[in-house]
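Asks: sequence and predicted model, in that order:
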Amino acid sequence: MNISSLRNWGEIVEAMAEKRVKLFGMWCSPFALRAEWALKLKGVEYEYVEEDLFHKKSEELLRYNPVTKKVPVLVHDGKPIAESLVIIEYVDEVWKDGYPILPKDPYERAQARFWAKFAEDKINPATFAVYSTTGEQQQKALQDAQEVFKTLEEALKGKKFFGGETIGFVDIAAGWLPCWVRIIEEIVGINIVNENNLPLINAWFDDFMELELVKGSLPPKDKLYAFSKARREKFLA
């Protein structure tokens with residue numbers, strides 16, 4: 001094989017590498033988990049790169065996401081895509097023949113985006129407030145969290161999942177809640193969601209956690225509990 005052939009082969013190998021899918025995440029990041037669920041639903045093979053955001057971020061991560069310097073970051077064909085909800089939509093659009101994540105109907109698709117954003121903008125901070133406060137402040141945060149969960153329940157009426165009989169965009173966007181909320185409840189000793197105050201959300205929690213996709217990808221509960229408990233103590237110190 002001559003030098004020219006070696007050069008051509010090297011270019012082919014490099015081009016093939018560029019086509020590979022790489023995901024930068026962190027074991028305790030629910031947002032990185034969203035991106036993983038989307039890729040797995042579509043049957044996309046990908047390389048996972050674990051980041052340590054609390055100590056030293058890799059040069060690759062900083063190069064691919066210089067704006068927020070956070071995970072997840074999806075790299076496809078050598079091009080980076082940041083922000084978990086953006087990544088989910090990108091995956092759904094690029095691998096069209098796989099599992100449908102967003103509805104095909106424009107109105108239903110808009111509704112899915114609305115509820116995903118609602119969960120992002122309302123549920124996430126309300127839940128975090130319960131986790132990161134104590135006393136009267138925590139009781140107020142609990143009431144606020146239950147109110148926004150009650151609003152989210154409207155999108156579940158008559159359905160097993162937000163996507164219907166199967167999971168969809170909203171389920172993936174809010175899918176970290178069934179695991180993390182239960183961890184938070186254990187740590188703070190307060191019940192946020194149960195079958196009496198939020199029956200539809202509670203049932204969705206159980207159904208979502210039973211999915212093989214979910215059970216096979218969640219971080220170890222004891223490790224997540226210890227991490228979350230230590231983090232709460234730092235917030236309160």
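Replies: Great, that's in hand. These numbers were taken from a predicted model, which means no experiment stands behind them.

Asks: report the contact partners of V170.
Replies: With contact taken as C-beta atoms under 8 Å, 6 or more residues apart in numbering, V170 is in contact with A112, W115, A116, A119, A155, F162, G163. Bear in mind the C-beta positions are built from the backbone N, C-alpha and C, glycine included.

Asks: am I right that it is in a helix?
Replies: Yes: using DSSP: H, G, I helix; E, B strand; the rest coil, the secondary structure at V170 is a helix.

Asks: distance of it from E153?
Replies: For V170, the distance to E153 equals 12 Å [C-beta to C-beta, to the nearest Å].

Asks: which of the helices or strands spans the nearest residue to K157 once chain neighbours are set aside?
Replies: When the adjacent residues along the chain are set aside, K157 lies closest to L200, with 6.9 Å between them (C-beta to C-beta, 6 or more residues apart in numbering). Using DSSP states H and E, L200 falls within helix 199-209.

Asks: try I81
Replies: Assessed by DSSP H and E, I81 sits inside strand 79-82.

Asks: what does D222 give?
Replies: Using DSSP H and E, D222 sits within helix 221-236.

Asks: any buried residues in that helix, and which?
Replies: Applying a neighbour-count criterion of 16 or more other C-beta atoms under 10 Å, one finds L224, Y225, S228, R232 buried in helix 221-236.

Asks: surely the third one and I187 touch.
Replies: Yes: counting by C-beta atoms under 8 Å, S228 does reach I187; the two are 6.0 Å apart.

Asks: gap between P100 and V91?
Replies: Applying C-beta to C-beta, one obtains 11 Å for the distance of P100 from V91.

Asks: higher neighbour count, these two?
Replies: Regarding P100 and V91, a neighbour count based on other C-beta atoms under 10 Å identifies V91 as having more, with 26 against 15.

Asks: any idea how far whichever strand or helix holds the more buried one is from the chain center?
Replies: Taking DSSP H and E as the definition, one finds V91 inside helix 84-94. A distance of 12 Å separates the C-alpha centroid of helix 84-94 from that of its chain, computed with C-alpha atoms, centre = their mean, to the nearest Å.

Asks: by contact count, what packs against that helix?
Replies: With contacts defined as 3 or more C-beta pairs under 8 Å, 6 or more residues apart in numbering; DSSP states H and E, the packing partners of helix 84-94 are helix 30-42, strand 73-76, helix 169-174.

Asks: re earlier: ok, now which ones touch the residue nearest to K157?
Replies: Under the criterion of C-beta under 8 Å, 6+ apart, the contact partners of L200 comprise E153, L156, K157.

Asks: next, count neighbours for the second one.
Replies: In terms of burial, L156 registers 18 neighbours under the definition other C-beta under 10 Å.

Asks: list the contacts of it.
Replies: By C-beta under 8 Å, 6+ apart, L156 lies in contact with F162, L200, I201, W204.

Asks: let me have the buried residues of helix 221-236 in TSV, extended by pLDDT and distance to V148.
Replies: TSV is the format used below for these (pLDDT from 0 to 100; distance: C-beta to C-beta, whole Å):
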residue	pLDDT	distance to V148
L224	97	23
Y225	98	24
S228	98	21
R232	97	21
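
Asks: turn those into CSV, including distance to A38.
Replies: Shown next, in CSV, are the buried residues of helix 221-236 (distance: C-beta to C-beta, whole Å):
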residue, distance to A38
L224, 21
Y225, 26
S228, 24
R232, 29
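
Asks: got the domain ranges for the protein?
Replies: For the chain, the structural domains run 3-94, 106-236, going by automatic domain parsing.

Asks: could you point out the helix or strand that follows the lowest-mean-pLDDT helix or strand in the chain?
Replies: Least confident element among the helices and strands of the chain, by mean pLDDT, DSSP states H and E: helix 3-19 (a mean of 52). On the C-terminal side of helix 3-19, the nearest following helix or strand under DSSP H and E is strand 21-25.
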